[in-house]
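K.L.:
Quick one, what's the 3D model for this:
(2 chains)
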Amino acid sequence: MEMLSGGEMVARALADEGVEFIFGYPGGAVLHIYDALFQSSEIPHILVRHEQAATHAADAYARATGKPGVVLVTSGPGATNAITGIATAYMDSIPMVVLSGQVQSHLIGEDAFQETDMVGISRPIVKHSFLVKRQQDIPEIIKKAFYLAASGRPGPVVIDIPKDITNPVEKFEYQYPEKIKLRSYTPATRGHSGQIKKAVQMLLGAKRPVIYTGGGVVQGDASEQLTELAKLLNFPVTNTLMGLGAYPGTDRQFLGMLGMHGTYEANNAMHHSDVILALGARFDDRVTNTVSKFCPTAKIIHVDIDPASIAKTVVADIPIVGPVDAVLNEMLAQVKDQLAKNESLPDADAIGQWWQQIDDWRDQHGIYTKPRYDTESGLIKPQQAIESLFNATNGDAFVCSDVGQHQMFAAQYYRFNKPRRWINSGGLGTMGFGLPAAMGVKLAFPDADVACVTGEGSIQMNIQELSTCTQYAAPVKIVNLNNGYLGMVKQWQDMQYAGRYSQSVYEESLPDFIKLAEAYGHVGMKVEKLSDLDDAMTEAFKLKDRLVFLDVYVDRHEHVYPMHIAPNGSMRDMWLSKTERT
Amino acid sequence: MRHIISVLMENEPGALSRLVGLFSQRGYNIESLNVAPTEDPTLSRLTLTTIGDDQIIEQITKHLNRLIDVVKLVDLTEGAHIERELMMVKVRATGAQRAEIKRCADIFRGQIIDVGPTLYTIQVTGASDKLDAFLEAVGEAAILEVVRSGVSGIARGEKTLSL
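P.N.:
Here you go, the predicted model:
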């Protein structure tokens, strides 16, 4: 059997696991591992400019490909810098394996140089973590980490490795395990048949149904089954922020996003529904508004891989624990069987009336039936910038978003027709996510159009990655919706703090983003006129091999609407514009 | 309502901190906690008491089950069970008090496990409310120190919590 050092085992095990990229940053505690990587040179390593960016890039790689992202950082500050990205992945259930260096075993606990208790610090934001104590354990721990990260409800796993464990001198037998078993970990592989049967009965009897789906359908690769079921039953579908793309965004049966900035039709359909089929969604507070007023007439079928997500905030009438694809397959089979036996199912009259009602809502205030923003202002509206991006990319780009107003505009106006195309930090809401995320996606899909939709606040939180994009040729297109404010903060200050803009204004301090992009060797384009917008957007995407920074000067005072009225509002209580509310 | 949750978990470093951390992270309450290895040295048995309504207890058990280190768990209060707690109390015992405290310990089937010229140390076992009652009977004035183990529990009859 082959004899390897601990450091060599790490490098080899990652290769044996089929890892395509390592996003990382070297430092004292991981130098043995970096030397082993240098000598084996099997896996490309992306040297980021800040460890947070490594985690976001790996996270976005995982969101786009479905495979776990891999991060390698050193101890102490390297590890703590990775924390925000680990928390981001945890909140959105993204598979990721983070290897962090640790000080030598005998120094642990002595406040050694660059020591931090990584297992302790990361504990609340990981699915699981390991501290490696013996070289011989490395292959099995790495195998377990990848299995845990990707199976069941996915999530980040940390492996903390003391420096002495990776020393190049001591060699041990290496064999990468083909399979591992964890007696305490058995994620569900299918749903309960009896529950699924009850759910199908409820669905077929529904008169005002809605299918409400979240990130679980995207992560669980169940889009096809979802689309087939919705089409078969002619039921309306709404997606959460994390679930966009699971159902074709331009399809007639799609109501748009629901929740705080959801569409009028989606939020009303939820509120007035009699049956809700919730798939891989977790009834987040940004969806439900006031829980006690949530969908008063609805019976709820809740399908989720994680039992802890069920009945956490909203009680389910029919809970089903299982992978959403397997549950949907079984539902589809039963629905087809029922429809063949009974042609009067589902109640076509009732469903027809329901669609009539939904179309009325769409006509009244839907954002896809006509523009609900001011088209006469002469300014570039942020919504128009997103529509322009949609048109320039034929609706087929990977759109990686930062966090704020631009994120909501992108979610509303870029109508995703495919899963895994919308890459954003939904749960944690991490500003600075967008650029490193776009980089991670572009490296995985070099031929695809990859956009980073951002604002001048978010982009500055990880702007150093413009340099990484140069080094590894990641020609992403940055669409910076520049309004000179922290837009979402300003919106809340407008609405709830009488326009007192406490620390949300940049005044004259913003850099010249064009020159900044050029300083890193990229192309910068400034767009100040609406009439230039579409041409600039098209031109940017024609420059296939160049990173383009589009600095788009948008209306400084636009708000995101609809917006849930809180506190004490229900799903259907919304602001529709600065002056109009339901 | 008070629940006794008994957990079988991997006897691994970090396992206990993950479990305890879960409670503070999610705002759940731990009234008492005790943990020790089982006859199988790879497993620890942990018993905790907590207070919450059915929905909170359901979330607690679900989140505990989600921890990779947790192998199995049971809410003992859902069925017939036996609970025991061990307490050692150091009490001032002088003059006429000495006989009185001895009688009190006998009533509660306690044992005097250490004797000094002016004090007794008494061991009492039983359900938590019995221990509370003993402390009340002895009286606050006489008590110098109390140490309690936290609750351990086991289901009655054939039911077992094992692999």
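K.L.:
Surely residue A:57 is in contact with residue A:47?
P.N.:
No: using Cβ atoms under 8 Å, residue A:57 is not in contact with residue A:47; the gap is 11.0 Å. For every residue, glycine as well, the C-beta is placed using N, CA and C.
K.L.:
More neighbours: those two, which one.
P.N.:
Counted by other Cβ atoms under 10 Å in any protein chain shown, residue A:57 and residue A:47 do not tie: residue A:57 has more neighbours, with 34 against 14.
K.L.:
for the more buried one, what are its contacts?
P.N.:
A:23, A:46, A:48, A:69, A:436-437, A:439-440, A:443, A:465 (Cβ atoms under 8 Å, 6 or more residues apart in numbering or on different chains).
K.L.:
and residue 11, what pLDDT?
P.N.:
Assuming you mean chain A. At residue A:11, the pLDDT value in this model is 97.
K.L.:
The intended chain is chain B.
P.N.:
Confidence for residue B:11, expressed as pLDDT, is 93.
K.L.:
nearest spatial neighbour of residue A:129, skipping sequence neighbours?
P.N.:
Of all residues not flanking residue A:129 in the chain, residue A:158 sits nearest, at 4.1 Å (Cβ to Cβ, 6 or more residues apart in numbering or on different chains).
K.L.:
Quickly run through the sheet partners of the helix or strand hosting the one you found, with directions.
P.N.:
Element membership for residue A:158 (DSSP states H and E) is strand A:156-162. Using DSSP bridges, strand A:156-162 pairs in its sheet with strand A:96-102 (parallel), strand A:128-131 (parallel).
K.L.:
returning to that earlier point: so which of the contacts of residue A:57 are in helices?
P.N.:
Cross-referencing these against helices under DSSP state H gives A:436-437, A:439-440, A:443, A:465.
K.L.:
and those, which are buried?
P.N.:
A:436-437, A:439-440, A:443, A:465 (16 or more other Cβ atoms under 10 Å in any protein chain shown).
K.L.:
what's the one helix or strand residue A:143 maps to packed up against?
P.N.:
Using DSSP H and E, the element containing residue A:143 is helix A:138-150. Using 3 or more Cβ pairs under 8 Å, 6 or more residues apart in numbering or on different chains; DSSP states H and E as the contact test, the elements touching helix A:138-150 are helix A:6-16, strand A:96-102, strand A:128-131, strand A:156-162.
K.L.:
so the closest residue in space to residue A:29 that isn't next to it in sequence bridges to which residues?
P.N.:
Ranked by Cβ to Cβ, 6+ apart and with sequence neighbours excluded, the top spatial neighbour of residue A:29 is residue A:101, at 2.9 Å. The partner list for residue A:101 in beta bridges (DSSP bridges) reads residue A:161.
K.L.:
Name the residues of the biggest strand by length in chain B that come out as buried.
P.N.:
Assignment by DSSP state E gives strand B:81-92 as the longest strand of chain B. The neighbour-count check on strand B:81-92 (16+ other Cβ under 10 Å) flags B:81, B:83-92 as buried.
K.L.:
Quickly run through the sheet partners of that strand, with directions.
P.N.:
Assessed with DSSP bridges, strand B:81-92 is paired to strand B:119-126 (antiparallel), strand B:143-148 (antiparallel), strand B:152-155 (antiparallel).
K.L.:
okay, it in PDB with CA atoms only?
P.N.:
Output in PDB follows, covering the C-alpha atoms of strand B:81-92 (Å, rounded to 0.1, in the frame of the first residue of the first chain):
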ATOM      1  CA  HIS B  81     -40.300   5.700  33.500                       C
ATOM      2  CA  ILE B  82     -38.200   5.900  36.700                       C
ATOM      3  CA  GLU B  83     -36.200   9.000  37.500                       C
ATOM      4  CA  ARG B  84     -33.500   9.300  40.100                       C
ATOM      5  CA  GLU B  85     -31.300  12.100  41.300                       C
ATOM      6  CA  LEU B  86     -28.500  11.800  43.800                       C
ATOM      7  CA  MET B  87     -27.900  14.600  46.300                       C
ATOM      8  CA  MET B  88     -25.200  15.200  48.900                       C
ATOM      9  CA  VAL B  89     -26.000  17.800  51.600                       C
ATOM     10  CA  LYS B  90     -23.600  19.200  54.200                       C
ATOM     11  CA  VAL B  91     -25.700  20.400  57.200                       C
ATOM     12  CA  ARG B  92     -24.800  22.000  60.500                       C
END
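K.L.:
distance of residue A:106 from chain B?
P.N.:
Residue A:106 sits 16 Å away from chain B, going by Cβ to the nearest Cβ, to the nearest Å.
K.L.:
That residue touches residue A:115, doesn't it?
P.N.:
No: counting by Cβ under 8 Å, residue A:106 stays clear of residue A:115, with 11.8 Å between them.
K.L.:
out of the two, which sits in the busier spot?
P.N.:
Between residue A:106 and residue A:115, residue A:115 has the larger neighbour count (other Cβ under 10 Å), namely 18 against 10.
K.L.:
my guess is that one contacts residue A:104, does it?
P.N.:
No: the criterion here is Cβ under 8 Å, and residue A:115 misses it with residue A:104 at 9.6 Å.
K.L.:
sorry, back to before: mind putting the strands paired with strand B:81-92 into JSON lines with mean neighbour count and mean pLDDT?
P.N.:
Conversion of those to JSON lines gives the following (neighbours: other Cβ atoms under 10 Å in any protein chain shown; pLDDT from 0 to 100):
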{"stretch": "strand B:119-126", "mean neighbour count": "19", "mean pLDDT": "98"}
{"stretch": "strand B:143-148", "mean neighbour count": "13", "mean pLDDT": "98"}
{"stretch": "strand B:152-155", "mean neighbour count": "19", "mean pLDDT": "96"}
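K.L.:
Which of these sits closest to residue A:366?
P.N.:
strand B:152-155 (57.3 Å; Cβ to Cβ).
K.L.:
How far away from the center of its chain is the closest one?
P.N.:
Chain-centre distance of strand B:152-155: 10 Å, with Cα atoms, centre = their mean, to the nearest Å.
K.L.:
Can you name the residues in contact with it?
P.N.:
Contacts to strand B:152-155, defined as Cβ under 8 Å, 6+ apart, come from residues B:4, B:6, B:34, B:47, B:74, B:76, B:79-85, B:161.
K.L.:
Please repeat the previous calculation with a cut-off of 6 Å.
P.N.:
Strand B:152-155 is contacted by residues B:4, B:6, B:47, B:76, B:79, B:81-84 when judged by Cβ atoms under 6 Å, 6 or more residues apart in numbering or on different chains.
K.L.:
Those residues of the stretch 51-200 of chain A touching chain B, which are they?
P.N.:
By Cβ under 6 Å from any Cβ of the partner chain, the part of the stretch 51-200 of chain A that sits against chain B consists of A:119, A:123-124, A:128, A:184-185.
K.L.:
need the residues you listed in JSON lines with pLDDT, can you?
P.N.:
JSON lines is the format used below for these (pLDDT from 0 to 100):
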{"residue": "A:119", "pLDDT": "97"}
{"residue": "A:123", "pLDDT": "97"}
{"residue": "A:124", "pLDDT": "96"}
{"residue": "A:128", "pLDDT": "97"}
{"residue": "A:184", "pLDDT": "90"}
{"residue": "A:185", "pLDDT": "94"}
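K.L.:
Reformat the contacts of residue A:57 as TSV; add pLDDT.
P.N.:
Compiled in TSV, the contacts of residue A:57 are given as follows (pLDDT from 0 to 100):
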residue	pLDDT
A:23	98
A:46	98
A:48	98
A:69	98
A:436	98
A:437	98
A:439	98
A:440	98
A:443	98
A:465	98
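K.L.:
ok, which pair from the residues you listed is furthest apart?
P.N.:
Pairwise over the contacts of residue A:57, using Cβ to Cβ, the maximum falls at A:69 and A:465, 15.3 Å.
K.L.:
mind listing what residue 158 touches?
P.N.:
I'll assume chain A. Residues near residue A:158 by Cβ under 6 Å, 6+ apart: A:98, A:122, A:126, A:129.
K.L.:
now do residue B:123
P.N.:
For residue B:123, the contacting residues are B:88, B:111, B:113, by Cβ under 6 Å, 6+ apart.
K.L.:
try residue A:462
P.N.:
Contacts of residue A:462 (Cβ under 6 Å, 6+ apart): A:53, A:432, A:435-436.
K.L.:
go with 10 Å
P.N.:
By Cβ atoms under 10 Å, 6 or more residues apart in numbering or on different chains, the contact set of residue A:462 is A:48-50, A:52-53, A:56-57, A:402, A:430-437, A:439, A:454, A:468.
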